[in-house]
Each structure stands twice: as structure tokens, then as C-alpha cells.
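Asks: quick one, what's the 3D model for this:
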Amino acid sequence: MEDDSYFEDEEFSPIRSILGLLTFSTILPIKVYTSIEYMTKLTWCWPFLHLFIGILAAICGYVCIEFLHLNSFFTAAIVYAFLMIITGYNHLDGVMDMADGVMVHGEPERKIKIMKDPSVGAGGVATLFLVASLTIAGIYNILDYNFLVGIIICEMAAKTSLITTALLSIPLTPGIGSYFIRETNLANFFASTIIVACIAGLLGGMVGIVGVAGALVSGIIIAVIARRNFGLANGDVLGMSNEVGRLFTLLFMTITLYYI
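Replies: Sure thing, here's the model as predicted:
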């Protein structure tokens with residue numbers, strides 16, 4: 001998330017900017033580009049775009065269970081793989097890079113240098129393995145409860161976690177991540193979160209709403225960790241928040257499903 005030349009500068013268009021955001025965060029053959037400044041003005045819409053991605057993932061899970069007759073664990077692994085592939089593995093480097101920066105000892109400047117280093121350390125690889133395996137386990141759990149809409153909710157809420165971290169962070173410049181952070185304010189954050197919570201409530205009732213709460217908790221935790229270690233945040237931090245947000249949403253929904 002560091003190459004600003006990926007975008008073409010032009011007049012602001014909300015529709016073009018939304019499609020540009022979808023082009024940026026998925027491998028869908030939309031191929032609509034806009035300037036990074038204009039695209040990030042609609043950062044608060046990101047969860048609603050990934051509502052669509054979550055629907056595709058839920059359809060994938062339904063096909064695996066109902067037509068291919070795969071068990072819940074195999075289906076969970078395929079659904080996770082589908083999500084990673086369709087989003088172009090967009091945030092996985094952020095998980096590894098931020099983990100490497102947090103694990104190293106030293107001042108924030110040194111930690112930032114390690115985080116931005118293109119090489120990956122053991123801490124990054126191990127953290128990615130933990131996040132991925134726990135996310136698959138989370139999907140497996142909600143499938144065991146036949147809560148297929150949980151896949152939709154967790155993908156949508158992952159972006160709520162990212163936006164929460166963006167709201168609470170100070171941008172590290174230069175970098176594309178700084179644009180997302182600067183364009184996130186209290187007004188558009190609350191509007192986005194309330195709409196996400198309403199959609200999650202319609203889809204999954206109290207379980208869905210609690211899942212969104214899990215995403216908010218995740219976003220706050222990642223923001224605090226970033227502030228303590230780096231002082232600032234970039235695209236890697238936002239990427240970590242997205243992946244951990246999906247995991248926390250699944251965790252909160254699974255616990256709620258057990259008690260209702």
C-alpha cells in the first residue's frame with residue numbers, strides 16, 4: 001500500500017471512487033481507477049463493499065456444504081482461502097510487517113524501520129499463521145452452529161475494525177495508509193458503524209451486533225498497540241486491524257451463539 005502512482009488523477013466522482021476502492025481491495029475485474037485522495041474520501045463505505053464480498057464467500061460456503069457435501073472444517077478452510085484470494089491477499093503483508101515491528105526491541109524509529117523492511121521475520125510468519133488458523137477455526141465454529149450469515153458479517157465487520165484503527169491513529173507519511181487515516185473522522189466513522197450494526201442485526205440478530213462489537217474492540221486494540229510501539233500508523237497497521245477484526249468478529253459471534 002505504498003505506490004501512489006497506482007492511481008490516476010481526475011475529477012471527483014462518488015461512483016467512480018467507490019468502484020476504485022473496490023478495485024483497490026479486490027481482484028474483481030472492475031479496473032476502475034481514481035486518485036488516492038478522492039478514493040479515500042469514501043473510506044467509510046468500505047464495509048458495505050465488503051458486504052458484497054462476504055455474500056460471495058457465504059455462497060461459496062453454501063455450495064461446499066449443500067452441494068459438495070464437505071464437512072464444516074474443510075468448508076471453513078475453503079471459505080477463508082476464497083476470501084484471501086478474492087481480496088488479493090491485500091492485508092496479509094500488513095499482518096507480517098506489523099508483527100515484525102512489534103516484536104523487535106528498540107525505539108519507535110527502529111520498529112518502524114523493521115515494519116517497512118521488505119524482508120519478513122519469524123515473528124511475522126508465526127503471527128500470520130496464528131491469525132489465519134484461528135480465523136479458519138472461527139469460521140468452522142459458526143458453520144457448526146449453521147450460522148452461515150456469520151461469514152457475511154465477519155467480512156463486513158473486518159473493515160469496521162480497520163476504520164476504528166484509522167480513527168484512533170496518527171498517520172505515518174508518506175504512504176497510502178495515511179490517506180485512509182486522514183479521511184476517517186468521528187462523523188463518518190459513527191455513520192458507517194451504525195449502518196454496519198443495523199445490517200449485522202438484520203442478518204444475524206443480537207449475534208451479528210455482538211460480532212460488530214468484536215470488530216470495534218479489535219480496532220481499538222490494534223490502534224493502542226500501534227501507538228505504543230510506533231507512535232504512528234500506516235497501511236500495515238490497517239491491514240493487521242482488518243485481519244484481526246475478522247477474527248474477533250468470529251470470536252464474539254461464536255461465544256454469543258453458545259449462550260443464546
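
Asks: so after the helix or strand of the chain with the lowest mean pLDDT, what's the next helix or strand?
Replies: Each helix and strand of the chain was given a mean pLDDT (mean pLDDT, DSSP states H and E); the minimum falls on helix 36-39 at a mean of 87. For helix 36-39, the succeeding helix or strand toward the C-terminus, using DSSP states H and E, is helix 46-62.

Asks: so who does the spatially most central residue of the chain touch?
Replies: The geometric centre of the chain, computed from its C-alpha atoms, lies nearest to residue 242 (CA atoms, centre = their mean), at 2.4 Å. Residue 242 sits next to 91, 94, 158-159, 161-162 when contact means CB atoms under 8 Å, 6 or more residues apart in numbering. The way it works is simple: take the backbone N, C-alpha and C, and place the C-beta from them, glycine included.

Asks: follow-up on the earlier one: and the least confident helix or strand of the chain, what's buried?
Replies: In terms of neighbour count (16 or more other CB atoms under 10 Å), helix 36-39 has its buried residues at 36, 38-39.

Asks: try stretch 15-24
Replies: When burial is assessed from 16+ other CB under 10 Å, stretch 15-24 yields the following buried residues: 16-24.

Asks: can you give me the angle the longest helix anywhere in the chain makes with helix 46-62?
Replies: When the chain is scanned for its longest helix (criterion: DSSP state H), the result is helix 186-229. Helix 186-229 and helix 46-62 meet at an angle of 80 degrees, taking axes from the mean of the first three to the mean of the last three CA atoms, to 10 degrees as the criterion.

Asks: name the helices or strands packed onto helix 186-229?
Replies: Using 3 or more CB pairs under 8 Å, 6 or more residues apart in numbering; DSSP states H and E, the elements in contact with helix 186-229 are helix 46-62, helix 92-103, helix 149-167, helix 235-259.

Asks: next, the angle from that helix to helix 92-103.
Replies: An angle of 50 degrees separates the directions of helix 186-229 and helix 92-103 when computed by the same axes, to 10 degrees.

Asks: how distant is helix 186-229 from the center of its chain?
Replies: 11 Å (CA atoms, centre = their mean, to the nearest Å).

Asks: again, but for stretch 157-175
Replies: Taking CA atoms, centre = their mean, one finds stretch 157-175 lying 10 Å from the centre of the chain it belongs to.

Asks: same question for stretch 51-58.
Replies: Relative to the mean C-alpha coordinate of its chain, stretch 51-58 is positioned 13 Å out (CA atoms, centre = their mean).

Asks: buried residues in it?
Replies: Within stretch 51-58, the residues that qualify as buried by neighbour count (16+ other CB under 10 Å) are 51, 53-54, 56-58.

Asks: tabulate the residues you listed in TSV, adding columns for pLDDT and distance to residue 208.
Replies: Formatted as TSV, the buried residues of stretch 51-58 follow (pLDDT from 0 to 100; distance: CB to CB, whole Å):
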residue	pLDDT	distance to residue 208
51	97	12
53	97	17
54	98	12
56	98	18
57	98	15
58	98	13
